[in-house]
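Chemist: I would like to see how this sequence folds:
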Amino acid sequence: MKAVICAAGKGSRLAPLTNVAPKCLLPVYNQPMIMYPLSVIKQAGITDVCIVVSAEHSHLFATLLADGSDLGLNITFKIQKESLGVCDAIARAEDFVAGDDFCVILGDNVMFDDLSKAVSNFTGGANLLLTEVENPRPFGVAKFEDDKLVQLVEKPQNPPSNLVWIGCAMFDSKFFEYAKNIELSPRGEYETNDVIQKYIDNNQASFTRLEYKWFDAGTYESLMQASNFVKEMSNSLAYQRHQNPLSRISSLRSFIKVSK
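Modeler: Down below sits the predicted model:
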C-alpha cells in the first residue's frame, strides 16, 4: 500500500499565519504539523508517500522533508495547481499510486491511532476512518440505516449521527475511475464525498472507528488544543529529543495507547 497526503489547502481559517507559511508546516507543539500524518503512515508500515502541495509552497516542503530518506520514507511531491478540493488533490497522485491500494490522510490531521491493523486487513473498496465528536456540524457526518453506512452528509444543520469522517481512508485504485465521473459541486470543488458515495452505492465501503484522540488542526482553537495535548503527553513521556521526529511521535502514540 502507498500513501497520499493532501497538503495543498490554503488554510484560510488560520490566516494571517497562512499568509506566510502553509497550514501543514505550522507547529503542533514542537513539530511541524505534517510530521503527524507522516508518523501515522510510517507506523502503519507504509514507506512510499506522495505529498500533494501547492506550487507556491512546494519549496518549503522540499526544504523540510527532501526525499524523505532521513525519516525512513520515500517521498514524492505532486503539485495541485488550482484549489479544486481534496478529491482533485488525490487525483494528482494517480500515476504515483499506479494501480495499488493507497491510504489518504489530510495534512492537518493530528491523530494518535495505530492504523497498522486497518492497513493489513484492507482487501479493497474503501475503508473510512470515523470518530465521534460533540459537534458534528462542521464535518462530513456518517448516516446509517440499520447500522449500515449509507451516506456522508457534508456540514449538515441536523446531523444524522455524531460520527464524522476525519479525512483519512484507505481506497483501492477504483478511486480514480470514480473521480473522473463526478461533477464540480456548487462550491466549485470536486468532492471526495461524491467518490465515497459511489463506493457506498456499490457496497464497497466499510469504516473503522478511532479509539484515541483526534484533532482537525485547521482552526486556531483546534491547533492550540492539539499543541497543548501533545505538550502534556510529551512531558509525561519525557521522550528523547535526539530521536527521529517520526519515531518520537510514534513513541507518543504508543504512550497514549498504554495510558488510556
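
Chemist: in the stretch 101-250 of the chain, which ranges drop under the pLDDT threshold?
Modeler: 236-243 (pLDDT under 70).

Chemist: so where do the helices sit in it?
Modeler: With DSSP state H, counting those that start in this stretch as the criterion, the stretch 101-250 of the chain has helices at 116-121, 174-179, 192-201, 220-237, 245-259.

Chemist: return the most buried member of those helices.
Modeler: helix 192-201 (a mean of 20; mean count of other CB atoms under 10 Å). The C-beta positions use only the backbone N, C-alpha and C, and glycine is treated the same way.

Chemist: kindly export that helix (C-alpha atoms) in CSV.
Modeler: Extracted C-alpha coordinates of helix 192-201, given in CSV (Å, rounded to 0.1, in the frame of the first residue of the first chain):
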residue,chain,number,x,y,z
THR,A,192,-14.4,13.3,-2.1
ASN,A,193,-17.8,12.6,-0.6
ASP,A,194,-19.1,12.0,-4.1
VAL,A,195,-16.5,9.4,-4.8
ILE,A,196,-17.1,7.8,-1.4
GLN,A,197,-20.8,7.6,-2.3
LYS,A,198,-20.0,5.6,-5.4
TYR,A,199,-18.2,3.1,-3.1
ILE,A,200,-21.2,3.0,-0.8
ASP,A,201,-23.7,2.5,-3.6
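
Chemist: which other helices and strands contact it?
Modeler: Packing contacts for helix 192-201, counted by 3 or more CB pairs under 8 Å, 6 or more residues apart in numbering; DSSP states H and E, involve helix 86-91, strand 126-132, strand 148-154, strand 163-171, helix 174-179.

Chemist: which stretch among the helices of the stretch 101-250 of the chain comes nearest Thr47?
Modeler: helix 245-259 (11.1 Å; CB to CB).

Chemist: related to what we said a few turns ago, a markdown table for the helices and strands packed on helix 192-201, including distance to Ser234?
Modeler: What follows is the helices and strands packed on helix 192-201, written out as a markdown table (distance: least, CB to CB, whole Å):
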| stretch | distance to Ser234 |
| --- | --- |
| helix 86-91 | 30 |
| strand 126-132 | 22 |
| strand 148-154 | 34 |
| strand 163-171 | 22 |
| helix 174-179 | 36 |
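
Chemist: among these, which is nearest Asp101?
Modeler: That would be strand 163-171 among the helices and strands packed on helix 192-201, by CB to CB, at 6.5 Å.

Chemist: check what contacts the closest one and list those residues.
Modeler: Under the contact criterion CB atoms under 8 Å, 6 or more residues apart in numbering, strand 163-171 has outside partners 1, 6, 40, 86, 101-106, 109, 111, 115, 118-119, 122, 125-133, 136, 139-142, 152, 196, 199, 209-210, 214, 216.

Chemist: now a ChimeraX select for only the buried ones of those.
Modeler: The buried residues among the contacts of strand 163-171 can be selected in ChimeraX (16 or more other CB atoms under 10 Å) with this line:
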select :1,6,40,86,101,102,103,104,105,106,109,111,115,118,119,122,125,126,127,128,129,130,131,133,136,139,140,141,142,152,196,199,210,214,216
